[in-house]
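Undergrad: Just a sequence and a predicted model for now, questions to come.
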Amino acid sequence: MTWNIHDAPDQKGRIAIVTGSNIGLGYDTALALAGKGCRLVLACRNLDKAQAARGQILARYPKARVECQTLDLSSLKSVRAFATGFLKSHRKLDLLINNAGIMMPPYSLSEDGFESQLAANYLGHFALTGLLLPVLARTAGSRIVSLSSLAHNWGHIRFDDPHFKNGYSKRGAYGQSKLACLMFAYELNRRLQEAGLKTLSVAAHPGVAVTNLAQHFPRFLTMFFPLVGQSAAAGALPTLYAALGDDVDGGDYCGPRSMRQMRGAPVKVGSNRASRDSAAAKRLWKLSEELTGVSFLS
């Protein structure tokens, strides 16, 4: 038996933050949550695009409660401002969906001096999670869902040169960022358990989903995506399963079940040995705290 969004219980009274929710996987995740009655915060870099996405969601679900907030995950200043604003205006947080990301752009450093993919995909979410943990911890049944990728198999954590200052590989940098997201999800769950907190940390990946993330791919490669991949709506299902599945536990990893996890119904899946290296995860956690200046569960 496979999980479907229709299997999820009503989400009225619950609130979710979905980062990068104006387009692609994030939008379809937010749309599905709105359909279940969840109150939404669309946390996006471009507020105008977030407002446009809000309008599309309300056109589909007129009674949905949707607000838009500016959040640039590649800027620690923006992350702190978003978290401060949310904590002032909300007393609970049921779901934190760490979805936003960029994929294989030309080399650049963020305003904080981080390689752009590591900044937007991982370090920004690490800081955001730490800053929002107090409200998550006091919300019964809360979950944190971190988006990884099949690309976690592409590389390793370059502890000696995480920002690729000595030779840039956009593929390697993307793989590093998504491996970091997965290692973070596992290590976060271990630390939550050790602290006696009930919040669950779960990871998910969309398989091969046809989204805007592929904008930096060679055009001839993107032509094959529809043949092996799936739509953004289908790609969002593992995230939704991770967030809402009643048989999902902390430390689980959710993805498509068919064609080597490239497409299909959402199920619990495995990941490579590097992602489950607890010693490396502890080292990554320490590095992340040093880079972001956000320390938690240490």
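TA: That came through fine. Residues are numbered from 1 along each chain as shown.

Undergrad: Show me what the top helix by length along the chain is packed up against.
TA: Of all the elements of type helix in the chain, the one with the most residues (DSSP state H) is helix 170-194. Contacts defined by 3 or more C-beta pairs under 8 Å, 6 or more residues apart in numbering; DSSP states H and E place helix 170-194 against helix 116-117, helix 124-137, strand 143-147, strand 200-204, helix 278-292. Using the backbone N, CA and C atoms, a C-beta is placed for each residue, glycine as well.

Undergrad: If we use 7 Å, what do you get?
TA: helix 116-117, strand 143-147, strand 200-204, helix 278-292 (3 or more C-beta pairs under 7 Å, 6 or more residues apart in numbering; DSSP states H and E).

Undergrad: May I ask which helix or strand of this structure has the lowest mean pLDDT?
TA: None of the helices or strands of the chain scores lower by mean pLDDT, DSSP states H and E than helix 219-222, at a mean of 46.

Undergrad: Can you get me a residue count around the residue nearest to Ala280 when sequence neighbours are not counted?
TA: Closest residue to Ala280 apart from its sequence neighbours, by C-beta to C-beta, 6 or more residues apart in numbering: Ile157 at 6.3 Å. A count of neighbours around Ile157, defined by other C-beta atoms under 10 Å, yields 20.

Undergrad: Also Pro106?
TA: That count, for Pro106 with other C-beta under 10 Å as the rule, works out to 8.

Undergrad: Tell me if it really is in a helix.
TA: No: the secondary structure assignment for Pro106 gives coil rather than a helix, going by DSSP: H, G, I helix; E, B strand; the rest coil.

Undergrad: Which pLDDT value goes with it?
TA: The predicted local distance difference test score for Pro106 is 96.

Undergrad: tell me the mean pLDDT for stretch 288-298?
TA: On average, the pLDDT along stretch 288-298 is 98.

Undergrad: List the buried residues for that stretch?
TA: By 16 or more other C-beta atoms under 10 Å, the buried positions in stretch 288-298 come out as Ser288, Glu289, Leu291, Thr292, Val294, Phe296, Leu297.

Undergrad: Residues touching the helix or strand harbouring Phe86, excluding its own?
TA: When secondary structure is defined by DSSP states H and E, Phe86 falls within helix 76-89. Under the criterion C-beta atoms under 7 Å, 6 or more residues apart in numbering, residues 43, 69-73, 112, 124, 127-128, 131-132, 135, 292 lie in contact with helix 76-89.

Undergrad: which element follows it toward the C-terminus?
TA: Sequence order places strand 95-98 as the next helix or strand after helix 76-89, per DSSP H and E.
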